[in-house]
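Peer 1: quick one, what's the 3D model for this:
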Amino acid sequence: MAGEILGVIGTGRMGGPMAGRLIDAGYSLVVYDTQTEATQPLAKRGAQLGKSPADVASRADIVLASLPTPDIVKAVTLGQDGISSGNRAKIVIDLSTSGPGAAKLVAEGLKAKGMTLVDAPVSGGIKGAVNGTLAVMVSCPQATYDTVQPILKNFGKLFYTGDKPGVAQTAKLANNLMAAAALVITSEAVAMGVKGGVNAKVLIDIINASSGRNSASEDKFPRAVLPGTFDFGFATGLSYKDVRLCVDEAEAMGVPMVCGAVVRQMLAITNAKYGASSDFTSIAKVLEEWAGVEMRG
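Peer 2: So this is what the prediction gives:
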């Protein structure tokens with residue numbers, strides 16, 4: 001760690017807390033975000049400010065990126081003034097959820113510049129980023145994994161999925177589809193229960209003591225739906241993006257996703273009705289409106 005400088009590009013809701021954990025671990029950072037205010041808390045803790053992704057990659061030994069969409073990932077890594085234009089970093093860790101197709105494209109583009117991509121999407125939300133309890137799915141050459149493992153361990157539990165770019169992305173998309181599906185089906189079930197006269201909190205307690213329990217009933221409903229706050233911390237637009245990517249990739253592989261297509265449609269409706277920046281627990285608000293109930297307790 002001595003003398004090693006890390007670059008972090010994208011210091012928003014997920015990237016900011018992860019960068020903070022790297023500072024806690026003693027790393028020196030160069031950070032960059034298009035929203036300059038997102039870098040200020042890190043600058044106050046000693047992080048240097050980069051002028052562009054290329055500048056960060058010219059000042060850091062390893063660059064980490066936490067970005068919202070595949071197009072932004074491709075632009076930041078391979079575009080003008082992108083990471084690939086830097087002259088120092090040889091390893092790029094992509095913590096974003098960008099899909100296997102984008103990961104393969106980025107890996108090839110970086111390889112042409114003498115850089116290696118570490119495909120490392122994370123799951124666990126803002127709370128996990130702050131507390132270092134994320135699931136970190138990793139695919140990259142074994143030797144590279146050995147190099148970055150001490151860095152990534154600061155974020156949570158590591159799962160090495162193999163050496164091919166995009167494999168970790170496939171695992172992440174599978175997880176995010178299931179998380180969204182749990183939210184959709186729990187919203188439907190609880191809306192039906194409330195319509196039939198069962199108190200929403202009582203029904204959630206029953207589900208959580210029974211075989212129907214899931215991540216939505218155990219976490220998202222108690223935290224964000226039953227109180228009516230709808231503020232779990234994951235944007236509808238990002239969830240919609242992830243599920244779209246998952247279903248599209250599955251179809252390209254020849255894997256039918258009948259349930260996945262329905263979840264995608266529910267997110268499309270929620271996205272259209274409440275906007276991309278709304279919390280994805282707003283799926284429950286759609287069901288409330290359709291059923292004519294409120295799920296509170």
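
Peer 1: helices of the stretch 51-200 of the chain, start to end?
Peer 2: Chain-ordered helices for the stretch 51-200 of the chain, with DSSP state H, counting those that start in this stretch as the definition, fall at 53-59, 70-78, 100-111, 125-131, 142-152, 167-195, 200-208.

Peer 1: for the third one, what is the distance to the chain centroid?
Peer 2: On the basis of C-alpha atoms, centre = their mean, to the nearest Å, the separation between the geometric centre of helix 100-111 and that of its chain is 18 Å.

Peer 1: buried residues, that helix. List them.
Peer 2: Neighbour-count burial for helix 100-111, with 16 or more other C-beta atoms under 10 Å as criterion, is recorded at 100, 102, 103, 104, 105, 106, 107, 109, 110. Placement of C-beta: from N, CA and C, glycine included.

Peer 1: hmm, residue 167 and the fourth one touching each other?
Peer 2: Looking back up the chat, that one is residue 104. No: in this structure residue 104 lies outside contact range of residue 167 using C-beta atoms under 8 Å: 9.9 Å.

Peer 1: low-confidence stretches in the stretch 1-150 of the chain?
Peer 2: Counting by pLDDT under 70, the stretch 1-150 of the chain shows low-confidence ranges at 1-3.

Peer 1: quick one: the strands in it?
Peer 2: 5-9, 28-32, 48-49, 62-65, 91-94, 116-119, 122-123, 134-139 (DSSP state E, counting those that start in this stretch).

Peer 1: kindly reformat those as JSON lines containing distance to residue 71 and mean neighbour count.
Peer 2: Shown next, in JSON lines, are those (distance: least, C-beta to C-beta, whole Å; neighbours: other C-beta atoms under 10 Å):
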{"stretch": "strand 5-9", "distance to residue 71": "15", "mean neighbour count": "27"}
{"stretch": "strand 28-32", "distance to residue 71": "18", "mean neighbour count": "24"}
{"stretch": "strand 48-49", "distance to residue 71": "25", "mean neighbour count": "17"}
{"stretch": "strand 62-65", "distance to residue 71": "13", "mean neighbour count": "27"}
{"stretch": "strand 91-94", "distance to residue 71": "13", "mean neighbour count": "26"}
{"stretch": "strand 116-119", "distance to residue 71": "17", "mean neighbour count": "26"}
{"stretch": "strand 122-123", "distance to residue 71": "20", "mean neighbour count": "20"}
{"stretch": "strand 134-139", "distance to residue 71": "21", "mean neighbour count": "24"}
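
Peer 1: now render these as TSV, adding distance to residue 39.
Peer 2: Converted to TSV, the strands of the stretch 1-150 of the chain look like this (distance: least, C-beta to C-beta, whole Å):
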stretch	distance to residue 39
strand 5-9	9
strand 28-32	5
strand 48-49	6
strand 62-65	14
strand 91-94	18
strand 116-119	22
strand 122-123	20
strand 134-139	21
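
Peer 1: wait, which of those is closest to residue 220?
Peer 2: strand 122-123 (13.8 Å; C-beta to C-beta).

Peer 1: what lines up beside that closest one in the sheet?
Peer 2: When pairing is defined by DSSP bridges, strand 122-123 lines up against strand 134-139 (antiparallel).

Peer 1: what sits up against the partner strand?
Peer 2: Residues from elsewhere that reach strand 134-139 (C-beta atoms under 8 Å, 6 or more residues apart in numbering): 18, 95, 103, 118-124, 128, 145, 148, 152, 155-169, 171-172, 175.

Peer 1: now it: how far from the chain's centre is it?
Peer 2: For strand 134-139, the distance to the chain centre is 11 Å (C-alpha atoms, centre = their mean).

Peer 1: for stretch 141-153, same thing?
Peer 2: 20 Å.

Peer 1: same thing with stretch 29-39?
Peer 2: For stretch 29-39, the distance to the chain centre is 18 Å (C-alpha atoms, centre = their mean).

Peer 1: and stretch 290-297, by the same measure?
Peer 2: 29 Å.

Peer 1: repeat for stretch 185-195
Peer 2: 27 Å.

Peer 1: ok, stretch 35-51 next?
Peer 2: Here stretch 35-51 shows a centroid-to-chain-centroid distance of 21 Å under the convention C-alpha atoms, centre = their mean.
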